[in-house]
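1. what follows is a predicted structure for the sequence shown.
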Amino acid sequence: MDFLDPQLDAYVCNHSKAENAALQKLNRETYSKVLMPRMLSGHLQGRVLSMLTHMIRPDRILEIGTFTGYSALCLAEGLQPGGILHTIDINEELETMVRKYIAETGLEKSICYHIGDALQIIPTLNEMFDLVFIDADKTNYSNYYDLVFSKVKKGGFIIADNVLWSGKVLVNNVDTDDDTLAIIKFNDKVMKDDRVENVLFPIRDGLMVVRKK
Ligand SMILES: C[S@@+](CC[C@H](N)C(=O)[O-])C[C@H]1O[C@@H](n2cnc3c(N)ncnc32)[C@H](O)[C@@H]1O
């Protein structure tokens, strides 16, 4: 995932706005208490997500893959007043931690946290989204894309995380694992989709930014 030279990476982080105190605390708590903490977006990607939502000014956001809530809090920063971010995660063990930080940041009215399988929950959401952030199980990326597409407003955005998959997308052979194959398939599917415009941003592990025409 670390594509940038460490010194250059430090320079980039030192020249991007710092995380607020709640995000710093959540980052630390995730690294000290939760398995696979590197799944958390982190400082730089969090600031990128915040900047993108400030540019889009969404009224409705859908996040697939809450984990400990870091990216949800960053994405919610750019919501319009009265806007709602729906976030879904299948792991109920993180609920207490997620709800604690939603409360600490005063976002109880803006963040609607769903626990369960996103494939089951998405069809029940009666919303049209300005922005969807896909960051859950990689083997379902294409399924999530298909499931949300009709729920994205014209001119709305889908952003998918980890689309470089630590560089493994370059190793396309029969022995490649399921996650890598799924990411390769997803990236190719987006490229072939003439209903959208897309750019792969090489930020952290790669963000595919898709605009529905
Ligand atoms: C990479 S983490 C999300 C990181 C988070 N977006 C962030 O940036 O801090 C992926 C999350 O997807 C969740 N997940 C995996 N399969 C899922 C499913 N079928 N439905 C909902 N969530 C799922 C996992 O429990 C995990 O917490």
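-> Yep, it's here. Residues are numbered from 1 along each chain as shown.
2. which residues of the chain fall in helices?
-> 6-14, 21-33, 42-56, 70-76, 95-104, 118-121, 141-149, 178-192 (DSSP state H).
3. how about these in JSON lines, adding mean neighbour count, distance to the ligand and mean pLDDT?
-> Every C-beta, even on glycine, is put in place using the N, C-alpha and C of the backbone. Converted to JSON lines, those look like this (neighbours: other C-beta atoms under 10 Å; distance: least, C-beta to the nearest ligand atom, whole Å; pLDDT from 0 to 100):
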{"stretch": "helix 6-14", "mean neighbour count": "11", "distance to the ligand": "16", "mean pLDDT": "94"}
{"stretch": "helix 21-33", "mean neighbour count": "15", "distance to the ligand": "8", "mean pLDDT": "97"}
{"stretch": "helix 42-56", "mean neighbour count": "19", "distance to the ligand": "7", "mean pLDDT": "97"}
{"stretch": "helix 70-76", "mean neighbour count": "26", "distance to the ligand": "3", "mean pLDDT": "98"}
{"stretch": "helix 95-104", "mean neighbour count": "16", "distance to the ligand": "10", "mean pLDDT": "98"}
{"stretch": "helix 118-121", "mean neighbour count": "17", "distance to the ligand": "4", "mean pLDDT": "98"}
{"stretch": "helix 141-149", "mean neighbour count": "19", "distance to the ligand": "9", "mean pLDDT": "98"}
{"stretch": "helix 178-192", "mean neighbour count": "17", "distance to the ligand": "11", "mean pLDDT": "96"}
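4. closest one to Ile158 among these?
-> Of all these, helix 141-149 sits nearest to Ile158, with 6.6 Å by C-beta to C-beta.
5. in TSV: the helices of the chain, plus distance to Gly83.
-> Output for the helices of the chain, formatted as TSV (distance: least, C-beta to C-beta, whole Å):
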stretch	distance to Gly83
helix 6-14	28
helix 21-33	19
helix 42-56	9
helix 70-76	8
helix 95-104	15
helix 118-121	19
helix 141-149	17
helix 178-192	26
